[in-house]
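> Following is a predicted model, sequence given first.
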Amino acid sequence: MLGIVHTREFELDAAAIETQLGRATSASPAVVARSLARAQQGAGLAPSEMAVLWFAPQVDTETLYDAAHARMRQRSQQLETFSPLYMTNTCDAACRMCGMRRDNPALIRETAPIPAVIEQLRILSDRGMHAVALLTGEYRSDNRGWALAYVNEALRATLALRFRHILINVGSIDAPEFDRLLAGVARNPNGSVQPKLTMCTFQETYSRPIYAKFMGDDPDNPRADFQRRLTNFDRAHRAGMRVANPGILVGLNPDLAFEMTALALHARHLLDLGMEVYLSVPRLRQIAGSHNQRGAGDEQFVRLVSLLSLGLPAAKIVITTRENAAMQAKLAPIVTVISAGSAAVAPYTETGARFPLATSQFEVIDQRPFEAVLRAHLDADDAGIQNFDPPGAAA
């Protein structure tokens with residue numbers, strides 16, 4: 001499209017990752033020491049080195065956290081933020097771990113008309129939030145025309161309101177469909193989009209067996225095609241998008257070493273394309289109609305985020321209010337993005353938000369207004385947060 005040519009798509013070699021992990025479990029003390037020294041230097045780590053440190057019993061999690069914290073202090077990077085805006089909770093997919101799955105009778109379905117979406121955007125802007133994620137379900141090919149037109153209308157309204165960063169989470173789409181999604185968006189001479197638009201496509205798990213367990217193999221489920229989802233960023237890049245947000249659902253696959261390594265390899269591929277990369281690591285949480293979903297424990301989670309921060313200094317790690325305030329405070333010094341808001345459809349009011357689990361994709365743990373969430377980090381750092389200008393703040 002428009003002279004943008006790139007043919008090499010991301011390929012995941014699970015056998016090679018397993019071999020690498022096997023070597024990491026038996027790494028010598030000298031290899032561990034070299035990997036830790038490189039981590040503490042702050043120049044980034046190869047995925048193999050990240051794996052070595054994941055398994056190293058002599059390197060505790062606090063040591064990795066401290067190294068990540070020191071690296072971030074050297075960079076003096078300002079936190080970013082955005083709020084999610086669920087436009088609808090309808091979905092054609094049948095993912096077992098998701099509250100929005102098409103066969104979940106416990107979820108009350110809602111779709112916000114475009115005027116309501118625009119009002120939500122106005123509320124967010126008036127409250128000082130200038131970055132937003134536009135979210136829908138994932139749809140079969142015969143329904144995606146409606147969904148892409150719906151999101152495009154919301155996207156153009158968001159641009160008109162001068163939001164600085166717009167994340168688009170609509171599932172995997174085919175190459176010709178990007179024209180509909182991005183219709184009316186300004187382009188640079190080389191064909192790339194001018195505004196900061198991020199394609200969000202979480203693989204959830206990079207393990208094909210675990211993926212099949214939760215997403216199934218029914219071709220009627222638009223989420224079931226592992227490879228199609230894996231290469232969605234490559235299609236987005238060819239369509240002119242230059243920001244990618246891959247992610248894993250932490251805890252879906254108990255083998256976090258595999259997920260960390262695969263996510264790191266995917267991020268490196270996208271960075272090699274010249275894309276700006278955000279990494280999302282939400283933990284598995286309760287959904288409507290289910291009370292037994294559990295993600296990874298706190299110690300494993302902190303170790304994962306610390307190693308991603310150390311291993312991929314060029315990527316931006318996102319944590320959300322799926323985490324409680326204490327975990328947010330713990331991780332804020334080693335991540336780049338704090339996302340705050342509700343997972344319900346069109347939930348925002350002039351002063352807060354609704355958090356009904358019956359209409360939400362998942363449970364949000366920290367239900368404070370996003371101003372209160374962000375103010376806690378502002379007070380801790382005595383610095384600003386990109387994309388958040390609270391009313392009354394100095395220009």
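Happy to help now that I have it. Numbers count the residues shown, from 1 in each chain.
> quick one, helices of the stretch 151-300 of the chain?
Counting by DSSP state H, counting those that start in this stretch, the stretch 151-300 of the chain has these helices, from start to end: 178-181, 208-215, 226-230, 232-238, 256-272, 298-311.
> Reformat these as JSON lines; add mean neighbour count, mean pLDDT and distance to Asp92.
For glycine as for every other residue, the C-beta is placed from the backbone atoms N, C-alpha and C. As requested, those are exported to JSON lines (neighbours: other CB atoms under 10 Å; pLDDT from 0 to 100; distance: least, CB to CB, whole Å):
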{"stretch": "helix 178-181", "mean neighbour count": "17", "mean pLDDT": "98", "distance to Asp92": "17"}
{"stretch": "helix 208-215", "mean neighbour count": "17", "mean pLDDT": "94", "distance to Asp92": "12"}
{"stretch": "helix 226-230", "mean neighbour count": "17", "mean pLDDT": "96", "distance to Asp92": "14"}
{"stretch": "helix 232-238", "mean neighbour count": "22", "mean pLDDT": "98", "distance to Asp92": "16"}
{"stretch": "helix 256-272", "mean neighbour count": "21", "mean pLDDT": "98", "distance to Asp92": "25"}
{"stretch": "helix 298-311", "mean neighbour count": "23", "mean pLDDT": "97", "distance to Asp92": "31"}
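> could the ones you listed be laid out in CSV, adding distance to Gln41?
As requested, the helices of the stretch 151-300 of the chain are exported to CSV (distance: least, CB to CB, whole Å):
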stretch, distance to Gln41
helix 178-181, 40
helix 208-215, 34
helix 226-230, 32
helix 232-238, 29
helix 256-272, 18
helix 298-311, 10
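> Just tell me which of the ones you listed ends up closest to Leu64.
In terms of CB to CB, the element of these nearest to Leu64 is helix 298-311, at 4.1 Å.
> Note down every partner strand of the very next helix or strand once past that closest one and its orientation.
Next helix or strand after helix 298-311 toward the C-terminus (DSSP states H and E): strand 316-320. Using DSSP bridges, strand 316-320 pairs in its sheet with strand 276-280 (parallel), strand 337-339 (parallel).
> could those strands be laid out in TSV, adding distance to Tyr86, mean neighbour count and mean pLDDT?
Shown next, in TSV, are the strands paired with strand 316-320 (distance: least, CB to CB, whole Å; neighbours: other CB atoms under 10 Å; pLDDT from 0 to 100):
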stretch	distance to Tyr86	mean neighbour count	mean pLDDT
strand 276-280	16	22	98
strand 337-339	13	23	96
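> which one of these lies closest to Ser35?
strand 276-280 (20.0 Å).
> Run the angle between that closest one and helix 298-311 for me.
Orientation of strand 276-280 against helix 298-311 (axes from the mean of the first three to the mean of the last three CA atoms, to 10 degrees) gives an angle of 170 degrees.
> between strand 276-280 and helix 256-272, how big is the angle?
Using the same axes, to 10 degrees: strand 276-280 against helix 256-272 is 160 degrees.
> so which of the helices of the stretch 151-300 of the chain gets nearest Met50?
With CB to CB, the closest approach to Met50 among those belongs to helix 298-311: 4.3 Å.
> same for the closest one, what does it pack against?
Counting by 3 or more CB pairs under 8 Å, 6 or more residues apart in numbering; DSSP states H and E, the packing neighbours recorded for helix 298-311 are helix 47-55, helix 61-75, helix 256-272, strand 316-320, helix 325-331.
> Can you give me the buried ones in the last one?
Okay, so that is helix 325-331. For helix 325-331, the neighbour count (16 or more other CB atoms under 10 Å) marks Met327, Gln328, Lys330, Leu331 as buried.
> And for the third one, nearest residue in space, chain neighbours not counted?
Distances taken as CB to CB, 6 or more residues apart in numbering place Val302 nearest to Lys330, at 6.6 Å, with adjacent residues excluded.
> got a list of what the one you found touches?
For Val302, the contacting residues are Thr61, Tyr65, Lys330, Leu331, by CB atoms under 8 Å, 6 or more residues apart in numbering.
> coming back round to it: just give me the closest of the buried residues of helix 325-331 to Ser339.
Relative to Ser339, the closest of these is Gln328; by CB to CB it sits at 10.3 Å.
> Surely that closest one is in contact with Ile319?
Yes. Between Gln328 and Ile319 there is a contact at 6.5 Å, judged by CB atoms under 8 Å.
> So for these two, which residues contact both of them?
Ile338.
> Now distance to Pro29 too, for the helices and strands packed on helix 298-311, in a markdown table please.
Shown next, in a markdown table, are the helices and strands packed on helix 298-311 (distance: least, CB to CB, whole Å):
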| stretch | distance to Pro29 |
| --- | --- |
| helix 47-55 | 11 |
| helix 61-75 | 15 |
| helix 256-272 | 19 |
| strand 316-320 | 29 |
| helix 325-331 | 29 |
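> Can you say which of the ones you listed is nearest to Pro209?
Ranking the helices and strands packed on helix 298-311 by distance to Pro209, with CB to CB as the measure, places helix 256-272 first at 10.8 Å.
> Confirm Phe10 sits in a strand?
No. Counting by DSSP: H, G, I helix; E, B strand; the rest coil, Phe10 is not part of a strand but coil.
> Could you find the closest non-adjacent residue to it?
Nearest residue to Phe10 in three dimensions, chain neighbours excluded: His269, at 4.7 Å (CB to CB, 6+ apart).
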